[in-house]
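S.K.: task: produce atomic coordinates for the following.
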Amino acid sequence: MRTQDSDRETLPAKVRIASLWKRISRTVVILALAALLTTAAELASAGPPASMPALSLTSLDGAAVRSQDWLGGRPTVVNIWATWCAPCRTEMPSLQRLETLLAPDGIRVLALSVDTDHNLVREFLLKYGIKLPVSIADSPSQTMSALGVVALPQTLYVGADGRILGSHLGQRDWADPATVREVRSRFPVAASRKP
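M.R.: The predicted structure follows:
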């Protein structure tokens, strides 16, 4: 039989255990967040590779495509995107305009989807009248890893020789005149052609 005195004796132990458990839980959460942030920072600092890796892609009509053939040996802006990414969807029309603006410079604009549902990609492009050359990654996670992509959208500036000259993470208005000048400046030959 428990008495009121025995309840008082065990209460401090219960309170101490609860307090200790709370501190341990808080410490575990802090350590887990620190590990996650460290991993994200390491991935972000790694950035894109020095040159465009060989990737297995699929064209919109279902044909197999090698990334080197897709780039075609020309200076290229490659936008990595997905239909489920709201900023990606928002910037797609301005990428379409960018392609028109850069065509006289010989710079291509390509879109590389990391969607797993190819029909969603086709439907999106049809619905919004996007005519950019689009390929779809055969393995989205491997493609993103190979390109050093940690978030979408991410855009790579790829030289005619396949070297990655730079990248931009996040949504932007690609048709903005200042952005167009900045993109042209990434490609030395194109920059010397246009004032």
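S.K.: hey, let's count contacts and neighbours off CA atoms from now on
M.R.: Noted.
S.K.: the residue sitting nearest the centre point of the chain: what secondary structure?
M.R.: Centroid-nearest residue in the chain, with CA atoms, centre = their mean: Leu152, separated by 3.0 Å. Secondary structure assignment for Leu152 (DSSP: H, G, I helix; E, B strand; the rest coil): coil.
S.K.: same question for the one 5 residues further on.
M.R.: When the structure is reduced to helix, strand and coil (three-state DSSP), Tyr157 reads as strand.
S.K.: burial measure for it, as a count.
M.R.: Other residues within reach of Tyr157, judged by other CA atoms under 10 Å, total 24.
S.K.: next up, the contacts around the closest residue to it other than its chain neighbours.
M.R.: Of all residues not flanking Tyr157 in the chain, Val77 sits nearest, at 4.8 Å (CA to CA, 6 or more residues apart in numbering). By CA atoms under 8 Å, 6 or more residues apart in numbering, the contact set of Val77 is Ile107, Arg108, Val109, Leu110, Thr155, Leu156, Tyr157, Val158.
S.K.: check what pLDDT the third one gets.
M.R.: On pLDDT, Val109 comes in at 97.
S.K.: quick check: phi and psi at it.
M.R.: Per-residue torsions, Val109: phi -120, psi 120 (degrees, to the nearest 10).
S.K.: residues in contact with it?
M.R.: Thr76, Val77, Val78, Asn79, Leu95, Gln96, Leu98, Glu99, Leu132, Pro133.
S.K.: now swap in Gln171 and tell me
M.R.: Neighbouring residues of Gln171 by CA under 8 Å, 6+ apart: Pro87, Cys88, Thr90, Glu91, Pro153, Gln154.
S.K.: swap the cut-off to 6 Å and go again
M.R.: Applying CA atoms under 6 Å, 6 or more residues apart in numbering to Gln171 gives the contacts Pro87.
S.K.: check for me that it belongs to a helix.
M.R.: No: counting by three-state DSSP, Gln171 is not found in a helix; it is coil.
S.K.: so the residue nearest to the centre of the chain versus Arg172, what's the distance?
M.R.: From Leu152 across to Arg172, the span is 12 Å (CA to CA, to the nearest Å).
S.K.: where does the chain have low pLDDT?
M.R.: 1-11, 27-46, 189-195 (pLDDT under 70).
S.K.: which parts of it are strands?
M.R.: Secondary structure of the chain (DSSP state E): strands located at 56-59, 64-66, 76-81, 108-113, 134-137, 154-158, 164-169.
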